[in-house]
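Asks: coordinates only, sequence not included:
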């Protein structure tokens, strides 16, 4: 990221909004915003596939589920936050599992990019399928979008829910039902 360019643009934005960027309270705002973007969009620099490269050989062929993982992202349409919880389940194939912390790291990296919720959900499912090659994967994301709430288009605290199912989670209704029951 170009920190200096971001600062310049934020300074121009403040002026375009009718503010004085030299006002005491706003002088450090461009630097603060640039620093914030470095952190909240840090996933743009990271290789998501590399996160799931360390796998363990463990005899386990039942569903592995991680639910209620908090995440924070930035809507690429409005540059405002959306945030919520992500639930991921997968069924290992050939005893190939990944540490649970890697799943949480994947969610973090993928959400720290300019995103839309639908793509975030799909990308997480696809990365797990590509790298772990499980029998199936399910991803459900429930999120609040401040771009909607602040403009009055939704009731505060209402959730947008997206899902992506692959393999057994798509083809076997019992597997999908078990996953959905477990995340409730």
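Replies: All right, it came through fine. Just so it is clear, the model here is predicted, and its values are computed rather than measured. Residues are numbered from 1 along each chain as shown.
Asks: Mind listing residues that contact whichever helix in the chain runs longest?
Replies: As far as residue count goes, and with DSSP state H defining each element, the longest helix of the chain is helix 117-132. Applying Cβ atoms under 8 Å, 6 or more residues apart in numbering, the contact partners of helix 117-132 are 48-49, 52-53, 55, 73, 82, 86, 88, 90, 92-93, 96-98, 103, 106-107, 110-111, 134, 137-141, 143, 145, 160, 162-167. For glycine as for every other residue, the C-beta is placed from the backbone atoms N, C-alpha and C.
Asks: mind running it again at 6 Å?
Replies: Outside of helix 117-132, the residues within contact range by Cβ atoms under 6 Å, 6 or more residues apart in numbering are 48-49, 52, 90, 96, 98, 110, 137, 139, 141, 143, 160, 162, 164, 166.
Asks: Now do whichever helix or strand comes after that helix: which elements does it pack against?
Replies: On the C-terminal side of helix 117-132, the nearest following helix or strand under DSSP states H and E is strand 136-145. The helices and strands touching strand 136-145, judged by 3 or more Cβ pairs under 6 Å, 6 or more residues apart in numbering; DSSP states H and E, are strand 81-91, helix 117-132, strand 160-167, helix 168-171.
Asks: tell me, what residue is most central in this protein?
Replies: In the chain, the residue lying closest to the centroid (Cα atoms, centre = their mean) is residue 111, at 2.6 Å.
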